[in-house]
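Engineer: Sequence and predicted structure are below.
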Protein chains: 2
Amino acid sequence: MNFIKKIVSKSRSQEDGIFFEKISKILGFKPENLKYYKKAFTHRSANIIDEKGNPFNYERLEFLGDAILGSVISAFLYKTAPTGDEGYLTKTRSKIVSREHLNELGKDFNLLQFVESKVAPTHFGENIHGNLFEAFIGAIYLDKGFVTCEKFIERKIIKIYVDLDRLDGKITSYKSLLIEWCQKEKKSFHFEFIEDNGIEGQKFFSVKLSIDNKVVSKARATSKKKAEEKASQRAYFAFQEKIDGK
Amino acid sequence: MNFIKKIVSKSRSQEDGIFFEKISKILGFKPENLKYYKKAFTHRSANIIDEKGNPFNYERLEFLGDAILGSVISAFLYKTAPTGDEGYLTKTRSKIVSREHLNELGKDFNLLQFVESKVAPTHFGENIHGNLFEAFIGAIYLDKGFVTCEKFIERKIIKIYVDLDRLDGKITSYKSLLIEWCQKEKKSFHFEFIEDNGIEGQKFFSVKLSIDNKVVSKARATSKKKAEEKASQRAYFAFQEKIDGK
């Protein structure tokens, strides 16, 4: 009996080790308390209760993460758009934290791979991605506090996904901007794709963008178009001074 | 000419000194940068622009303060109500940050005294109090960061104004609870009021609550009833163990 217990607890800790590594990779730092992240990925159907008898699932963390995300995005907008009035700030925040955008973020981080549930993930519907993403933000806040959570959101979300020029409709495609510039400068450009499979048949596309046969940026997303656009945006920011200077 | 300039700048700095003292008293700590607080109390009618040509008034700070307050209250509820589901948390947060409640907070802090405007404050309407309050929270966040702002909200708002038992409808009057307890314990109780005037005819009532001729709590509010209730609540918490123990 003791022997079985040991095996079980050993395999549990190996499982935790893999989870710890994967979460650390997404976070860019080591989590303090894995419990919060486990909760963030536990669906109510798993029917787990904690040591105090309260439901152990991500629903309350969604509430928390949504509020924390809202305040970080608000502070970012306040600082970045000094000419925008209250109406502009409110509208732009809504675009950034839209259900559609949160679902995209959840998918890009491939959070579904961590879900603990009694129901097959195919039954969850599209919003599961955004819900997991919000819960994940809640878990980071509880684990590491506001400042670390804010830095994570800035580094992994705002810097990569939030582009005010685009949200304001000033730029509709970074790919077009880049192509235009390459043609003008007589430079060659080339996208190279690798396809990989997430769980539940969710395909991901990794892309390398080369200009004059040198890789200038990389990206990964759930469609070729999105991956191209992300890589183009990254290259655009890297080349921005050159492009704007012409 | 130089002489006039000096007088003006001296009187300006005296004015700042008074403002600094009053704000420090409300905050419970010294502000770092008064500019944020000035902005929080400048109405758009004052028509002021900052050094970069952007409007200098509290409207954008309201947006920021609202979001920061929302996240602090959310984190508080998440931690304090472990049995409440997402619906309960959302509903309770709405009650705490309701327009009515924010107006009450703005009034109790008497923020209207600081307003810089070209319009008489009587034209502002009731919501000015809540708007100033939100902008004030935004200013604290910009001046001192999230953690200090959170502590201010916990110390000056949650501890004094937020009472989950009451919000949940379990307790409707602390005054009744206290009176009941005093009668049972054969103790005398007594409220003593002092009336003072804020600006624009806004009256305030300060109350001292004595039990067996000893002052046990104090409070100040815009009506006698509210002041009594606040003082009773404070006394209730102080006596809670005794009361609950019976």
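Structural biologist: Nice, I can see it. Numbers count the residues shown, from 1 in each chain, chains lettered A, B, ... in the order given.
Engineer: quick one: residue A:160 from residue A:228, how far?
Structural biologist: 15 Å (C-beta to C-beta, to the nearest Å). Where you see a C-beta, it was placed from the backbone N, CA and C, and this is true even at glycine.
Engineer: Between the two, which is the more surrounded one?
Structural biologist: It is residue A:228, of residue A:160 and residue A:228, that has more neighbours when counted by other C-beta atoms under 10 Å in any protein chain shown, with 21 against 15.
Engineer: Against residue A:235, how distant is that one?
Structural biologist: From residue A:228 to residue A:235 the distance is 10 Å (C-beta to C-beta).
Engineer: Name the residues contacting each of the two.
Structural biologist: Both residue A:228 and residue A:235 are contacted by residue A:209, under the criterion C-beta atoms under 8 Å, 6 or more residues apart in numbering or on different chains.
Engineer: Which residues of chain A lie near chain B?
Structural biologist: Residues of chain A lying close to chain B (C-beta under 8 Å from any C-beta of the partner chain) are A:52, A:54-55, A:59-64, A:66-68, A:70-71, A:73-75, A:78, A:82-86, A:89-90, A:93, A:138, A:141-142, A:145-147, A:150.
Engineer: and residue A:30, how many residues sit next to it?
Structural biologist: Applying other C-beta under 10 Å, I find that residue A:30 has 10 neighbouring residues.
Engineer: leaving aside the residues next to it on the chain, what's closest to it?
Structural biologist: residue A:24 (5.1 Å; C-beta to C-beta, 6 or more residues apart in numbering or on different chains).
Engineer: Contacts only, for residue A:234.
Structural biologist: A:160, A:209, A:217, A:218, A:219 are the contacts of residue A:234 under C-beta under 8 Å, 6+ apart.
Engineer: residue ranges with poor pLDDT in chain A?
Structural biologist: Along chain A, segments meeting pLDDT under 70 span A:1-12, A:170-171, A:198-201, A:240-246.
Engineer: Would you mind giving the domain segments of it?
Structural biologist: Per the record, chain A has its domains at A:2-167, A:174-244, by automatic domain parsing.
Engineer: Contact partners for residue A:162?
Structural biologist: Residue A:162 is in contact with A:73, A:76, A:96, counting by C-beta under 8 Å, 6+ apart.
Engineer: The nearest residue to the last one once chain neighbours are set aside: neighbour count?
Structural biologist: Right, residue A:96. The shortest distance from residue A:96 to any non-neighbouring residue, by C-beta to C-beta, 6+ apart, is to residue A:73 (5.3 Å). Using other C-beta under 10 Å, residue A:73 has 23 neighbouring residues.
Engineer: quick one: residue A:73 from residue B:42, how far?
Structural biologist: 25 Å.
Engineer: Pairing partners for residue A:195 in the sheet, please.
Structural biologist: residue A:205 (DSSP bridges).
Engineer: Now do it: how many residues are near it, please.
Structural biologist: 9.
Engineer: Point out the most buried one among the domains of chain A.
Structural biologist: domain A:2-167 (a mean of 17; mean count of other C-beta atoms under 10 Å in any protein chain shown).
Engineer: roughly how far out does it sit from the chain middle?
Structural biologist: Remark: domain A:2-167 is offset 8 Å from the chain centroid, using C-alpha atoms, centre = their mean, to the nearest Å.
Engineer: what do you get for stretch A:155-168?
Structural biologist: Relative to its parent chain, stretch A:155-168 has a centroid offset of 12 Å by C-alpha atoms, centre = their mean.
Engineer: for stretch A:173-186, same thing?
Structural biologist: On C-alpha atoms, centre = their mean, the centre of stretch A:173-186 falls 27 Å from the chain's centre.
Engineer: Extract the C-alpha trace of that stretch and format it as PDB.
Structural biologist: Written as PDB, here are the backbone C-alpha positions of stretch A:173-186 (Å, rounded to 0.1, in the frame of the first residue of the first chain):
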ATOM      1  CA  SER A 173      -1.800  45.600 -42.500                       C
ATOM      2  CA  TYR A 174       1.800  45.600 -41.500                       C
ATOM      3  CA  LYS A 175       2.500  43.000 -44.300                       C
ATOM      4  CA  SER A 176       1.400  45.600 -46.900                       C
ATOM      5  CA  LEU A 177       3.500  48.300 -45.400                       C
ATOM      6  CA  LEU A 178       6.600  46.000 -45.300                       C
ATOM      7  CA  ILE A 179       6.000  44.800 -48.900                       C
ATOM      8  CA  GLU A 180       5.700  48.400 -50.100                       C
ATOM      9  CA  TRP A 181       8.900  49.300 -48.400                       C
ATOM     10  CA  CYS A 182      10.800  46.300 -49.700                       C
ATOM     11  CA  GLN A 183       9.700  47.000 -53.300                       C
ATOM     12  CA  LYS A 184      10.800  50.600 -53.000                       C
ATOM     13  CA  GLU A 185      14.100  49.600 -51.600                       C
ATOM     14  CA  LYS A 186      14.600  46.800 -54.100                       C
END
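Engineer: Same question for the residue nearest the centre of chain A, what's its three-state structure.
Structural biologist: Geometric centre of chain A, nearest residue: residue A:105, 3.9 Å, by C-alpha atoms, centre = their mean. Put simply, residue A:105 is helix when judged by DSSP: H, G, I helix; E, B strand; the rest coil.
Engineer: Over to residue A:83?
Structural biologist: Per three-state DSSP, residue A:83 ends up coil.
Engineer: May I ask you to confirm that it is in contact with residue B:60?
Structural biologist: No - look at residue A:83 against residue B:60 with C-beta atoms under 8 Å: they stay out of range, at 9.9 Å.
Engineer: can you pull the contacts of residue A:235?
Structural biologist: By C-beta under 8 Å, 6+ apart, residue A:235 lies in contact with A:174, A:178, A:209, A:211, A:216, A:217.
Engineer: make it 6 Å
Structural biologist: Residue A:235 makes contacts with A:178, A:209, A:216, A:217, as judged by C-beta atoms under 6 Å, 6 or more residues apart in numbering or on different chains.
Engineer: Closest to chain B out of those residues?
Structural biologist: When the contacts of residue A:235 are compared for distance to chain B (C-beta to the nearest C-beta), residue A:178 wins out at 31.4 Å.
Engineer: I'd like the distance between residue A:202 and residue A:49.
Structural biologist: From residue A:202 to residue A:49 the distance is 30 Å (C-beta to C-beta).
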